[in-house]
Structures are given as C-alpha cells and as structure tokens.
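>>> what shape does this take:
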Amino acid sequence: MDRGVIGYLEKLLESVIGWNSIQYGYITAAFQAAYGIGLLFAGRLTDYLGTRKGFAVAISIWSIAAMLPGAAYSALTFGIAMFVLGLGEAANFPACIKTVAEWFPRKERALATGIFNSGANIGNIVVPLVVPFLTLTLGWRGAFVGTGALGLLWLAFWLLLYAKPHEHPRVSAHELALIQADPPEHTAPEHTANVPWLKLLPQKQTWAFALGKFLTDAIWWFYIFWLPRYLQGTFHLNLRQSQKPVIVVYALSIVGSVGGGWISSALLRHGKSANVARKTALLICALAVVPVVYAPHAHALWLVVGLVGLAAAAHQGWSANLFTLPSDMFPKAAVASVVGIGGMMGALGSFLLQVATGHIVAGTGSYAPLFLLAGTAYLFALAVIHLLAPKLAPANIA
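Okay, the predicted model is just below:
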C-alpha cells in the first residue's frame, strides 16, 4: 500500500505542499535511488541472515519508513522520506524470491511468484478504498501513518508462521520430497556458502535478468506513481471519482500476475523445458502490452482504463516469470543476491524514467512518449534476455 498512497494523493499534495511535476519526479526518483541501493545490499543481507531474520529486520524498517511521509512539509522533506522508504522496502523481493526457491520446486515457482506478487496489486486496490477515508478522518498525514503501521501487524504473523521446509513442524516427508525434487544443480544445500558478487557479476545469466529488470521495472513504477495523476488530470476526476478506474486497473493486474505464472508452470507440467516455458510466457505478456501505446490518444476514460489494465496485467505476468529466472539459473545460495543485483538495475531504470517523466510532463504536457515506451520496452527486453541466456543454462559459478 505504501507505494500507492503518494501516487493517489499526488494532486491533493500538489496543492497542499506546492510542488510541480518536475519536483514530484525528483521525489519519486529519490525513492527509486534508495530502492536500488537497498536492493543491492538487501539481497546479500537476506542470503547472510537467512530469509526469516533478514525479512523481519527489513519489514521493521520498512513499516516505520512508510509512516515518515506523514511528517513531511515540503518537496525536499518528502524526497527525504521517500528515500528512507526506498531503503526500507528494498529487501521485499529478494526475500520473497528466496522464500519461493526454498519452498517450491522449479515447476511451481512461476505460479507461486505470481500469487505472492499479486499481493502488491491487492495493496494498490485497497489504496483508493482506504486512503480517501483516512484522509477525510485523519488528514493526509494520517493516511501515510495508518497504512505504514499495517506492516508491523504482518511482521507478527511472519515470525509466528515462517520456517524453512525441513524445519517446519507441519511439513510431511512426502511434501519435503516434492519441494526438494529438482536435480542437484537446482537444490544447493542450505549450508552452501554465500556466492560472492565477483562470481555473479561476470555471468551472462546475471545480466540477462538484470537488464530485463532495467528495461521493464520502470514501466510499472510509472503506473504506480503517475497513473492516478494522469487519470485525475486528464479526465478531471477527484479522489473518489478516481477510485473505480484505479481499482479496475490493479484488479486486472492480479489476474495477469497469477495467469502469467500459471502459463509457464502449465507448460513445464506438459514437458516443455524451462527455457521454452518461461520465454513463451514472457513473449505472450510482451505482446499483450503493446496496445497501451494508444492510451494517450483515447478520449474515453474506460477505454484508457482497459488499455492500461491490460498492460498492467501483462506486466505482472511478465514479472512473475522474470522473477523465476534467477532460481532457474542459480543455486539457492545465490538467488537473493542475483535478485538484488537485478532489482538494483530495475531501480536505476525507474529512477531515470521518474526524472524524465517529470520533465516530459512539465515541458510538453503530453504522456504520449511515455506510453510509447511502456508499450515497446518488453519486446526489446525479451530480445536482450534471449541473446544473453539463449537456453537459460545454469550459471557456472564454481
């Protein structure tokens, strides 16, 4: 939810705080810069501390950081608060992907990733339902504090429920055998030493994932931070009037997240290789994104919502499959670190696009170049992934 609050309240905060689109671009870019820095180290921290401890530390920092924008009073202090939030949130995906690698065999990972990744979209749906109420009753500052505090509630459940499969009291021998059913190269022993960055960075497989993230993560963050502003400004909607359009977009993205993960998992179950299954799903998602280039030329609200909703769904399907690539090509001991490297590259791309978006919107008043990029980036990213990892072969990091 923390990602969506500032985007949903941006038009209100623009009048209250007094920032412009360029300053807003810098504020969201500050989040991305910190997110990239944090991802680089969060992956290593998760591999070092283990999933349970690493995620607990991260969620504690994240929850407190999510409340900080409620104390901001200027564009600068908002930027600082968002920077701290980016650092706090960074451990999420490395820890989640490592959890999936620990708990699921390769053939189920894309679907499992799609399911957990849909949680972020549920949060984006909850934002337009909850934030107007919090803003009316507690003020816009209370909206940040209230949503941020929810992370501490989640932390309690995480500490109570999570353990590795071989340590969990409710995992049967049959289930443990299923979880550990992959060939040895995909199931490195849990005591394997952490793989140093110097062994990961030269690998083409690392850069296949990292450049895929660099080229496409920025599109999702463009939707999160700028879509409510675009809809409210283009179609003259207030907070409540923009509820349904935003909810529909992110509801569709949930379908895409689970559906995209299901596609490659189904292909694997029918005997296709991981290479064919993952890239087929990625291609389907990349093609489904293309129609969004027409969005800024459409004059009907619900046509725009449909085009962006399809693109958001396709992005989430793409993301569910892209996130499985590190666990397909690297041992478990290296997965969180590779995800962290890729996440850092994704945040770098997002940082650049956030800054560029602020200047493009301020200078031209048009979102057309941004939607053109959003509709074409995925096909280019898939070509790069295939060039660097034509067979998704395991990385040689011995």
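>>> in this structure residue 97 contacts residue 113, no?
Yes: Residue 97 is in contact with residue 113 according to Cβ atoms under 8 Å; the separation is 7.0 Å. (C-beta placed from N, C-alpha, C; glycine too.)
>>> shared neighbours, those two?
Residues touching both residue 97 and residue 113 (Cβ atoms under 8 Å, 6 or more residues apart in numbering): residue 323.
>>> if I look at the most far-flung residue of the chain relative to its centre, what pLDDT would I see?
Distance from the centre of the chain peaks at residue 173, with 33.6 Å (Cα atoms, centre = their mean). Here the pLDDT value assigned to residue 173 is 91.
>>> what of the one 5 residues further on?
According to the prediction, residue 178 has pLDDT 89.
>>> again with the one 10 residues further on
The predicted structure scores residue 188 at 42 on the pLDDT scale.
>>> quick check: which element contains residue 239?
For residue 239, there is no host helix or strand (DSSP states H and E).
>>> quick one: residues contacting it.
Contacts of residue 239 (Cβ under 8 Å, 6+ apart): 8-9, 12, 128, 131-132, 135, 232.
>>> tell me the spacing between it and residue 152.
Note on residue 239: its distance to residue 152, by Cβ to Cβ, to the nearest Å, is 26 Å.
>>> likewise for residue 202?
Using Cβ to Cβ, residue 202 is found at 40 Å from residue 152.
>>> got it, and residue 19?
29 Å.
>>> residue 117 too?
According to Cβ to Cβ, residue 117 stands 22 Å off from residue 152.
>>> what do you get for residue 221?
In terms of Cβ to Cβ, residue 221 sits 25 Å off from residue 152.
>>> the more surrounded of these two?
Counting neighbours by other Cβ atoms under 10 Å for residue 221 and for residue 152 shows that residue 221 has the greater number, 24 against 15.
>>> helix or strand: which one has that one?
For residue 221, the host element (DSSP H and E) is helix 204-234.
>>> which other helices and strands contact that helix?
Packing partners of helix 204-234 (3 or more Cβ pairs under 8 Å, 6 or more residues apart in numbering; DSSP states H and E): helix 2-17, helix 21-49, helix 243-269, helix 301-322, helix 325-329, helix 332-364, helix 368-388.
>>> now for the shortest one, which elements pack on it?
Same thing as helix 325-329. If you count contacts as 3+ Cβ pairs under 8 Å, 6+ apart, helix 325-329 packs onto helix 92-103, helix 106-161, helix 204-234, helix 274-289, helix 332-364.
>>> show me what contacts residue 285?
Counting by Cβ under 8 Å, 6+ apart, residue 285 makes contact with 256, 260, 314-315, 317-318, 321, 378.
>>> pick the most buried one from the helices and strands packed on helix 325-329.
Ranked by mean neighbour count, the helices and strands packed on helix 325-329 are led by helix 92-103 with a mean of 25 (mean count of other Cβ atoms under 10 Å).
>>> in the stretch 51-200 of the chain, where is pLDDT below threshold?
For the stretch 51-200 of the chain, the stretches flagged by pLDDT under 70 are 184-194.
>>> sorry, back to before: turn the helices and strands packed on helix 325-329 into CSV, columns for distance to residue 387.
Output for these, formatted as CSV (distance: least, Cβ to Cβ, whole Å):
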stretch, distance to residue 387
helix 92-103, 23
helix 106-161, 22
helix 204-234, 8
helix 274-289, 12
helix 332-364, 16
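>>> the ones you listed: which one's closest to residue 59?
Comparing these by their distance to residue 59 (Cβ to Cβ), the top pick is helix 106-161, with 4.9 Å.
>>> next, the contact list for residue 96, please.
113, 116-117.
>>> check residue 322 too.
By Cβ under 8 Å, 6+ apart, the contact list for residue 322 reads 209, 212-213, 216, 282.
>>> 7 Å instead, please
Neighbouring residues of residue 322 by Cβ atoms under 7 Å, 6 or more residues apart in numbering: 212-213, 282.
>>> wait, which of those residues is closest to residue 72?
Distance to residue 72 across the contacts of residue 322 (Cβ to Cβ) is lowest for residue 213, with 28.7 Å.
>>> out of the helices and strands packed on helix 325-329, which is closest to residue 35?
Judged by Cβ to Cβ, the one of the helices and strands packed on helix 325-329 that comes nearest to residue 35 is helix 332-364, at 4.3 Å.
>>> so what angle separates the directions of that closest one and helix 301-322?
Relative orientation of helix 332-364 and helix 301-322, computed by axes from the mean of the first three to the mean of the last three Cα atoms, to 10 degrees: 150 degrees.
>>> output the contacting helices and strands for helix 332-364.
Judged by 3 or more Cβ pairs under 7 Å, 6 or more residues apart in numbering; DSSP states H and E, the packing partners of helix 332-364 are helix 21-49, helix 92-103, helix 197-200, helix 204-234, helix 325-329, helix 368-388.
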